[in-house]
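**Student:** predicted structure and sequence below. I'll ask about it afterward.
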Amino acid sequence: MSDAALMFIAIAGSLLAGLGVGPILGAGQVVMGAWWPFILAAAFIAGAASWFCMVKWRVAALSLWTLIGSMLSVFILCGMAAQTPPRLVFHTSNPPAAGPREPLGLHTGLDLFWGSSQTLSALDTLFKVDRLDVLSPSSLQFKQRLLLAQPRLLAPEELVALDDWVRGGGRAVILADPLLVWPSDLPLGDRRRPPVTSLLDPLLTRWGLVLEPAQPALVERRFVEGNRLLLTEGASHFTTRHSDFARCQQVGDGFMVTCRVGEGKVRLIADADLLDERLWQSSEGERLMSDTMALLDRWLRRPLSPATEWPNAINWVRNEADVKAGLRWALLVALLWAFAGAAILAQWRGRLKPFEGR
């Protein structure tokens, strides 16, 4: 087998193996650090395959050339898949909290408190979560932050208490979903089942917002704040109208809106399924599927501000076409690199041949 063919097969094999078992296709992550085992394997295979038919200096040179070519090809594949220069990170664990672990009120109709919920556990590592069964002046009195996620039908006095609390300076993130696809083992008609649609219309109307009907309940990859990824299901968007009680503006296409209500600050999101742990964490719990929890952490602290970047943030695959294009270019570069390496080795062989027998 020629040197060029050997190097190309080793590099191409590392690319295909990395795609097959790596995080790009499994979780949509573009993490260059995860490719190092495949890069090193390519260099080892190239060197091992030539060990018995080459002198040692050629084995070392061919392995080194294959190693560099594999790194270059992976860099091209990752860069094109994420449409941004890849980062040399080695882990994909949850990012650090954006601030101290402060109290957080949580009122929800989702069954986060039934059984073990990875979403609740993740929230509890970021904040001191306090479950609020009822919204009232007394339950909200000492709270600065609130997560209101697809609540049950609120009583008029609860809506008044919530509006007054926000108006007095509260910070809230509100998830209102017109078509919830949240899984539940509870039978239909059970009051403990999550509301299938948002029941916050009186509050939204007061703040000059309309939650539009949802599109078909499909999982959708949404990039927000630049390169940060959310996975949503059955999501919708808000439209804004004039209100004497709040000043709201759409973020992007209206999937989110930010509002100033008196002294308070609120971010509303037209989806609640994004809290479903299946949409932000792999089933094995080893890989993140989206930036949901990191974004929620930052929005709860500063509802009106774009989420600040965090160390070792994951680059995500933009779409399938980018991965295919990246693979084509990576293979082309690998082929050219292999031919160039073979030509250089041939020149060195001619110059060093008189010394090989000494």
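**Tutor:** Yep, it's here.

**Student:** poorly predicted segments of the stretch 101-250 of the chain, please.
**Tutor:** For the stretch 101-250 of the chain, the stretches with pLDDT under 70 are 115.

**Student:** let's see that with 90 instead.
**Tutor:** Residues of the stretch 101-250 of the chain that meet the criterion pLDDT under 90 lie in 111-118, 142, 182-193, 214-219, 225-227, 234.

**Student:** my guess is L140 meets W165, correct?
**Tutor:** Yes. Judged on Cβ atoms under 8 Å, L140 makes contact with W165 at a distance of 4.3 Å. (Glycine included, C-beta is placed from N, CA and C.)

**Student:** as a whole number, average confidence for the lengthiest helix in the chain?
**Tutor:** As assigned by DSSP state H, the longest helix anywhere in the chain is helix 320-356. Summarised as a single mean, pLDDT over helix 320-356 is 84.

**Student:** which other helices and strands does it contact?
**Tutor:** Here helix 320-356 touches helix 3-21, helix 56-82, going by 3 or more Cβ pairs under 8 Å, 6 or more residues apart in numbering; DSSP states H and E.

**Student:** return the distance of stretch 121-131 from the chain's centre.
**Tutor:** Computed by Cα atoms, centre = their mean, to the nearest Å, the chain-centroid distance of stretch 121-131 equals 20 Å.

**Student:** report pLDDT for the most centrally placed residue in the chain.
**Tutor:** Centroid check for the chain by Cα atoms, centre = their mean gives S290 as the closest residue, at 2.2 Å. According to the prediction, S290 has pLDDT 92.

**Student:** so who does it touch?
**Tutor:** Taking Cβ atoms under 8 Å, 6 or more residues apart in numbering, we find S290 in contact with 221, 229-231, 274, 279-280, 316.

**Student:** next one: phi and psi at F223?
**Tutor:** Dihedral pair for F223: phi -100, psi 120, per degrees, to the nearest 10.

**Student:** kindly report the same for I45.
**Tutor:** According to degrees, to the nearest 10, I45 has phi -60, psi -40.

**Student:** for W280, which non-adjacent residue is spatially closest?
**Tutor:** Spatially, and ignoring its direct neighbours in sequence, W280 is nearest to T292 (3.9 Å; Cβ to Cβ, 6 or more residues apart in numbering).
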